[in-house]
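> here's a sequence, model it:
(one chain, ligands or ions: 1)
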Amino acid sequence: NNIRVAILGATGAVGTEIINLLIERDFPLSQLKLLASSRSAGKTIPFKNQSLTIEEVTENSFDDVDIVLASAGGSTSKKWAKTIIEAGAVMIDNSSAFRMDENVPLVVPEINPQDAQKHQGIIANPNCTTILMGVAIYPLHLIKPIKRIIVSTYQSASGAGARAMEEVKVQAQGILNGETPQPEILPYPLAFNLFPHNSPILDNHYCEEEMKMVNETRKIFGDDGIRISATCVRVPVLRAHSEAINLEFDQPFEVNEAKEAISQAEGVTVVDDWANNYFPMPIDATGKDDVLVGRIRQDISSDNNLEVWLCGDQIRKGAALNAVQIAELLVEKNWLK
Ligand code: A2P
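Numbers count the residues shown, from 1 in each chain. Prediction:
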């Protein structure tokens, strides 16, 4: 064990899961540094049979580090990227800050592991909805290129961080007690409600989250020609996202062949029980590594289209797990430098 790791944002929803995954997957750590803001400095977090103290991130935090797993928001990633690179470490960044930068690989290990080799100190972890969709549909794209994707998402509170998850629980409790709780983290009440994704609206009337699915999917698949339209919605689920995806090919794709291809793929489990009307649900995807995929069916309105439904743990494969898998890939292939 010889890899020195730092987690930037170690107290957050994703940071906490990264700690669990490093233990669970027996990552070859020689040292683990937990970094956050001054708010959390001094707090302790159990790690194996020790207790690790959270440190405030400073100029010297990365001097003795090989890999930084960053999950503290885009502005924090931007602020520390140069320091991390100059210290000789590789940053695996969960934020959107560098994803579309042409010098930064955007990697889902099941799809484009080879891109990680080209890094210049930063590798970006894609948006959660993009990762989940990508692992489910890439096996089909390899057989017959996808021409167009229409996707609607049902996104959990976890995507907005640990405090948003807490807010939904408190809101639900309040509403059951006859109160009208005021939202603080999310813009509108989410308990017993839903709303179109709260990321900024762009000139084309898509929100940022929707355009992430468009641009990041093209970059990861290495195919700028795929046409994609997304509608992203926040729903009162705690930590797994769902997606309804319509895929268009330039010829028919036989359902059984599609199901077979998806079931053979890494990182995906097919849940497709038509007899019992049992398909992926957020409660089943929560805590799982695999993306659950089902309701794979012919689109009755178009010969060349398939419908697919998925659920995936937003914090695991949607963020922390994908980042840890990238770290494992760098170590295994000796691509750290
Ligand atoms: P802190 O607990 O000190 O605020 P989430 O996505 O769940 O909201 O978590 C965000 C993570 O990013 C937390 O660990 C948070 O630490 C950390 N963070 C937020 N702002 C900063 C900052 N300016 N510098 C370092 N870490 C930060």
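> C-alpha from now on. contacts and neighbour counts both.
OK.
> Three-state assignment for the closest residue to Asp303 other than its chain neighbours, please.
Nearest in space to Asp303, with sequence neighbours left out and distances taken as CA to CA, 6 or more residues apart in numbering, is Pro252 at 5.7 Å. Remark: Pro252 carries the secondary structure label coil [criterion: DSSP: H, G, I helix; E, B strand; the rest coil].
> Pro252: what's it in contact with?
If you count contacts by CA atoms under 8 Å, 6 or more residues apart in numbering, Pro252 has them with 303-305.
> what does Ser199 give?
With contacts defined as CA under 8 Å, 6+ apart, the neighbours of Ser199 are 207-209.
> Asn256 versus the residue of the chain most remote from its centre, what's the distance?
In the chain, counting by CA atoms, centre = their mean, Gly178 sits farthest out from the average C-alpha position, at 35.1 Å. The span separating Gly178 from Asn256 equals 49 Å under the rule CA to CA, to the nearest Å.
> can you check His241 too?
25 Å.
> between those two, which one's more packed in?
Comparing His241 with Asn256 by other CA atoms under 10 Å, the one with more neighbours is His241, at 31 against 11.
> excluding chain neighbours, give the residue nearest to the more buried one in space.
By the measure of CA to CA, 6+ apart, the closest residue to His241 outside its immediate chain neighbours is Gln155, 4.5 Å from it.
> what residues are bridge-paired with that neighbour?
The partner list for Gln155 in beta bridges (DSSP bridges) reads Arg234.
> tell me the contacts of it?
For Gln155, the set of contacting residues under the criterion of CA under 8 Å, 6+ apart consists of 232-235, 237, 240-242.
> which of those lies closest to the ligand?
Within the contacts of Gln155, proximity to the ligand (CA to the nearest ligand atom) peaks at Ala240, which comes in at 14.7 Å.
> can you give me the end-to-end distance of stretch 83-97?
As for stretch 83-97, its first-to-last residue distance stands at 15 Å under the measure CA to CA.
> quickly note the distance from Phe62 to the ligand.
When CA to the nearest ligand atom, to the nearest Å is the yardstick, Phe62 and the ligand sit 13 Å from each other.
> tell me the phi and psi of that residue?
Main-chain dihedrals, Phe62, degrees, to the nearest 10: phi -100, psi 0.
> identify the residue spatially nearest to Phe192, adjacent ones excluded.
Counting by CA to CA, 6+ apart, Phe192 lies nearest to Pro236, which is 6.6 Å off, once chain neighbours are set aside.
> so where's this structure shaky on pLDDT?
Applying pLDDT under 70 to the chain flags no residue at all.
> which stretches of it form helices?
With DSSP state H applied, the chain shows helices at 13-24, 74-86, 128-143, 162-176, 208-221, 255-264, 282-285, 321-333, listed in chain order.
> the ligand contacts on the stretch 51-200 of the chain?
The interface of the stretch 51-200 of the chain toward the ligand, taken as CA under 6 Å from any ligand atom, is made up of 57, 71-72, 76, 161-163.
> residues contacting the nearest residue to Gly318 once chain neighbours are set aside?
Spatially, and ignoring its direct neighbours in sequence, Gly318 is nearest to Cys128 (4.0 Å; CA to CA, 6+ apart). With contacts defined as CA under 8 Å, 6+ apart, Cys128 is in contact with 159, 314-315, 317-319.
> what sits up against stretch 74-90?
Contact with stretch 74-90 is made by 59, 62-68, 70-71, 91, 93, 95-97, 121-123, 336-337, as judged by CA under 8 Å, 6+ apart.
> neighbours around the closest residue to Lys169 other than its chain neighbours, how many?
On the basis of CA to CA, 6+ apart, the spatially nearest residue to Lys169 that is not a chain neighbour turns out to be Ala191, at 7.5 Å. Residues lying near Ala191 (other CA under 10 Å) number 21.
> equivalent analysis for Pro282, please.
The local packing of Pro282 (other CA under 10 Å) involves 22 other residues.
> who does the residue lying closest to it once chain neighbours are set aside form a beta bridge with?
Nearest residue to Pro282 in three dimensions, chain neighbours excluded: Ala240, at 5.0 Å (CA to CA, 6+ apart). The residues paired with Ala240 through beta bridges, assigned by DSSP bridges, are Asp313.
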